[in-house]
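K.L.:
From the sequence below, what's the structure:
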Amino acid sequence: MLADAGVGSRRQIEGLIAAGRIVVDGRRAKLGERLSGGERVFLDGRSVKLPADSAAAAHGHLAYYKPAGELTSQSDPQGRERVFEALPRPRRGRWINVGRLDLNTLGLLLFTTDGELAHRLMHPRYRVPREYAVRVLGAVNAAQVRTLKSGVELDDGRARFDAVERSGGSGKNIWYHVTLHEGRNREVRRMFEAVGLTVSRLIRVRYGPVELGALHRGETRTLSMTETMALYRAVRLPDPGKR
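P.N.:
Have a look, this model is predicted:
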């Protein structure tokens, strides 16, 4: 029920319960106990609004075109713009961002109120592909493409692209589309840097079965039922109305 309320994934919530951070009707929650929906639940002293019918309540799912200069975070001490400021209010729960994009990266960000779905979409185990349009200063030669696809050593481990395809441009500004199954910090930029190339523009155009499509910068759209069910299938989750 707490996952359906957008608190986090089931695994994350188990950790919160074990740490004593969740209180139900004035007492610390216990692993395995069930809720009816009428309890008063608090996380770190803040009230959690439970869905009236967790199993049947519909979750919200959004696509957002993140512009450059926005932070993928709930708050910022420096008062910079954040992606959450552009989102409509969910009908219930709270928006959970599926992965992140760094400050200067544009493109598709997914948001959901389903904590378990968000957790699985980000987990390496499910190998959900991410596709990026990358503008590089100069052409990528055949040897560099082979290296990017076979793997490069980064400071946090080996990384590789599943696909590298030239998509346009000329001179010093040539575009490529790359696909990978991970979401490490600045991974795409660091991989190109590892083979001596500089990324001048980076746009995420697809996350799993969902594409950026015709969205403009700063716009959101509600995912279609087809897209939503494709996301659940991609991480081997049943229809959310049957969970």
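K.L.:
contacting residues around the residue nearest the centre of the chain?
P.N.:
In the chain, the C-alpha nearest the mean C-alpha coordinate belongs to V98, at 1.8 Å (Cα atoms, centre = their mean). Going by Cβ atoms under 8 Å, 6 or more residues apart in numbering, V98 touches L109, L110, F111, T112, A118, L121, M122, Y207. All C-beta spots, glycine's among them, are computed from the backbone N, C-alpha and C.
K.L.:
Counting only helices, which of those residues make the cut?
P.N.:
A118, L121, M122 (DSSP state H).
K.L.:
so which of these comes closest to T228?
P.N.:
L121 (11.9 Å; Cβ to Cβ).
K.L.:
Let me see the confidence value for the spatially closest residue to that closest one that is not a sequence neighbour.
P.N.:
In space, and not counting its chain neighbours, L121 is closest to V98: 4.8 Å by Cβ to Cβ, 6 or more residues apart in numbering. On pLDDT, V98 comes in at 96.
K.L.:
Just want the phi and psi numbers for V98.
P.N.:
Backbone torsions for V98, taken as degrees, to the nearest 10, come to phi -90, psi 100.
K.L.:
And for D4?
P.N.:
phi -70, psi -30.
K.L.:
Was I right to think it contacts I96?
P.N.:
No - D4 is not in contact with I96 according to Cβ atoms under 8 Å; the separation is 11.7 Å.
K.L.:
Overlap of the contact sets of these two?
P.N.:
T113, D114, G115.
K.L.:
which non-adjacent residue is nearest the first one?
P.N.:
Spatial nearest neighbour of T113, excluding adjacent residues (Cβ to Cβ, 6+ apart): G93 at 3.7 Å.
K.L.:
Tally up the residues packed near the closest residue to R80 other than its chain neighbours, please.
P.N.:
Distances taken as Cβ to Cβ, 6+ apart put L71 closest to R80, at 5.6 Å, once the chain neighbours are dropped. L71 has 19 neighbouring residues, counting by other Cβ atoms under 10 Å.
K.L.:
Wait, L71 touches F84, no?
P.N.:
No - assessed by Cβ under 8 Å, L71 is found out of contact with F84, at 9.0 Å.
K.L.:
Now list the buried members of the shared contacts of D4 and I96.
P.N.:
Buried members of the shared contacts of D4 and I96, counted by 16 or more other Cβ atoms under 10 Å: T113, D114, G115.
K.L.:
Adding pLDDT and distance to V195, write those out as a markdown table.
P.N.:
Output for those, formatted as a markdown table (pLDDT from 0 to 100; distance: Cβ to Cβ, whole Å):
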| residue | pLDDT | distance to V195 |
| --- | --- | --- |
| T113 | 92 | 40 |
| D114 | 91 | 38 |
| G115 | 90 | 37 |
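K.L.:
Let me know the closest of the contacts of V98 to Y64.
P.N.:
L109 (4.7 Å).
K.L.:
can you tell me how far N97 sits from E14?
P.N.:
21 Å (Cβ to Cβ, to the nearest Å).
K.L.:
Tell me which of the two has more neighbours.
P.N.:
Comparing N97 with E14 by other Cβ under 10 Å, the one with more neighbours is N97, at 21 against 14.
K.L.:
just checking, that one touches V83?
P.N.:
Yes - the criterion here is Cβ under 8 Å, and N97 meets it with V83 at 7.0 Å.
K.L.:
between these two, what contacts are shared?
P.N.:
T72, L109.
K.L.:
Provide the secondary structure category for V145.
P.N.:
helix (DSSP: H, G, I helix; E, B strand; the rest coil).
K.L.:
Could I get the contacting residues of it?
P.N.:
V164.
K.L.:
ends of stretch 72-87, how far apart?
P.N.:
In stretch 72-87, first residue to last residue: 12 Å (Cα to Cα, to the nearest Å).
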